[in-house]
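> Okay, here's the prediction I keep looking at, along with the sequence it came from:
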Amino acid sequence: MNIVMTAGDETRTLDLNTMPIRDAMDCERLTSMSWVEWREALGQDRASAVAFAWWIAGKRAALEVGKFSEVDLDLAQLRWSVELTDEEQATEDAPDDDEGDDAARPTGPDEAETPTD
């Protein structure tokens, strides 16, 4: 999954399907969060997590990112979107096992219809 972030005229894309150890170490050093904690914090829009996402996306794209401590975004103006990879999209589009003709079939004795006299 990619997160596309736009601040003003600048757009950065972050691939969340990968986290090289160097990036994970930067995350821990700069945010005091593990990679797992950072992903959870990112989902909660925590400022340090958002700042790291912006910074690391720029670093991965070989942009001049400067110091992490200098990242200053207006969170109210930052726009986010999610892009699924082709594989993720295919999984998303696949029907669930519970869908279809079998979905209405009783699965246990409490769900079976009892005949009425």
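Yep, that arrived.
> Where do the helices of the protein begin and end?
Assignment of helices within the chain using DSSP state H yields the ranges 21-31, 35-43, 47-60, 86-93.
> between the ones you listed, which gets nearest to residue 12?
Comparing these by their distance to residue 12 (CB to CB), the top pick is helix 47-60, with 3.8 Å. Using the backbone N, CA and C atoms, a C-beta is placed for each residue, glycine as well.
> That closest one - contacts with which helices or strands?
When contacts are defined as 3 or more CB pairs under 8 Å, 6 or more residues apart in numbering; DSSP states H and E, helix 47-60 packs onto strand 2-7, strand 10-15, helix 21-31, helix 35-43.
> by how many degrees do the longest one and helix 47-60 diverge?
Right, helix 21-31. Put simply, helix 21-31 runs at 140 degrees to helix 47-60, going by axes from the mean of the first three to the mean of the last three CA atoms, to 10 degrees.
> can you pull the buried residues of helix 21-31?
By neighbour count on 16 or more other CB atoms under 10 Å, the buried set for helix 21-31 is 26, 27, 30, 31.
> Select, out of the helices of the chain, the one closest to residue 6.
Closest approach to residue 6 among those is made by helix 47-60 (10.4 Å; CB to CB).
> what's the offset of the closest one from the middle of its chain?
13 Å (CA atoms, centre = their mean, to the nearest Å).
> if we can go back for a sec, of the buried residues of helix 21-31, just say which sits nearest to residue 79.
residue 31 (22.0 Å).
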